[in-house]
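*Asks:* only geometry, no sequence info:
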């Protein structure tokens, strides 16, 4: 975000001041109230913090980076015309769901059963599930859906996917699931069930691979929305954008531990390979 703002002529200490608060959704409203006392021209909120900020009584525009569906979450009336004081970047990319399954199939040609770990309280999860089922049907895969809403739910989900003989895991990316990325990686390695998701931190935590938005680039993109608001644009008139840059990240160490070979054709498409 800072880098994106600098590229657009906004320099801290010269014509820009950034005040930060960090917390969770439960503290979002209180933290936003603190910031509003400083009379900002725009608030920027990430993830679950957006859901806490949206109902704060204020006219200050909010630019969000949100991993789910902002329309279902009530953040915007539509992607094209948000209609309120919130707009930003929606990180969910349904067209990538099938790509993750296709890559899995390239790595595991005999793959037939896939378990999906997803948080049903996350806005847009059902859209992603439908897209996953459609892609799985095209690839001849059987899908096992395992809802998880807290860390404790993984203690139920893991034995269930073993009982159903899942050969791979697709984890839908949201903050709760990502908080368990290392737990998933440890289970994956122990039982030799490869796991993939959509954010690079999932691969960084020890899982096989990720394919999805480049989050750093997406936040530079969000800086463009902030820039337009600082120059007088109304958030209601600024369409909710989707990421313009995507990345495939492969954890080679995880692949070796899982006994998965990475074909050269897949490796060549990777932005990063963790060795």
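*Replies:* In hand now; what should we look at? These figures come from a predicted structure and were not determined experimentally.
*Asks:* which stretches in the stretch 1-150 of the chain count as strands?
*Replies:* In the stretch 1-150 of the chain, strands defined by DSSP state E, counting those that start in this stretch lie at 43-46, 62-66, 86-90, 113-118, 142-147, listed in chain order.
*Asks:* right, and the helix or strand after the last one?
*Replies:* Spelled out, that is strand 142-147. Once the chain leaves strand 142-147, the next helix or strand it forms, by DSSP states H and E, is helix 154-163.
*Asks:* report the angle between that following helix and strand 142-147.
*Replies:* 170 degrees (axes from the mean of the first three to the mean of the last three C-alpha atoms, to 10 degrees).
*Asks:* follow-up on the earlier one: among the strands of the stretch 1-150 of the chain, which is the most enclosed?
*Replies:* strand 86-90 (a mean of 27; mean count of other C-beta atoms under 10 Å). (Each C-beta comes from the backbone N, C-alpha and C, glycine too.)
*Asks:* and that one, what other elements does it pack with?
*Replies:* Applying 3 or more C-beta pairs under 8 Å, 6 or more residues apart in numbering; DSSP states H and E, one finds that strand 86-90 contacts strand 62-66, helix 215-230.
*Asks:* tell me which of these lies nearest to residue 182.
*Replies:* The closest of these to residue 182 is helix 215-230. By C-beta to C-beta, the value is 18.1 Å.
*Asks:* what angle separates the closest one from strand 62-66?
*Replies:* Angle of helix 215-230 versus strand 62-66, following the same axes, to 10 degrees, is 160 degrees.
*Asks:* tell me the mean pLDDT for helix 215-230?
*Replies:* Mean per-residue pLDDT for helix 215-230: 96.
*Asks:* paired strands for the helix or strand just after that helix, with orientation please.
*Replies:* Later in the chain than helix 215-230, the nearest helix or strand by DSSP H and E is strand 246-251. Partners of strand 246-251 in the sheet, by DSSP bridges, are strand 209-213 (antiparallel), strand 272-274 (parallel).
*Asks:* okay, these, which one's buried deepest?
*Replies:* strand 209-213 (a mean of 27).
*Asks:* what distance separates that strand from the centre of its chain?
*Replies:* On the basis of C-alpha atoms, centre = their mean, to the nearest Å, strand 209-213 sits 9 Å off its chain's mean C-alpha point.
*Asks:* ok, stretch 135-144 next?
*Replies:* The answer for stretch 135-144 is 22 Å, by C-alpha atoms, centre = their mean.
*Asks:* I'd like to know which helix or strand in this structure has the lowest mean pLDDT.
*Replies:* helix 48-53 (a mean of 83; mean pLDDT, DSSP states H and E).
*Asks:* rewinding a little: let me have the strands paired with strand 246-251 in CSV, extended by distance to residue 80.
*Replies:* Below are the strands paired with strand 246-251 laid out as CSV (distance: least, C-beta to C-beta, whole Å):
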stretch, distance to residue 80
strand 209-213, 20
strand 272-274, 34
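*Asks:* closest to residue 83 out of these?
*Replies:* Nearest to residue 83, of these and by C-beta to C-beta, is strand 209-213 at 24.2 Å.
*Asks:* hmm, who's touching the closest one?
*Replies:* Contacts to strand 209-213, defined as C-beta atoms under 8 Å, 6 or more residues apart in numbering, come from residues 91, 93, 96, 99-100, 103, 173, 196-203, 243, 245-251, 255.
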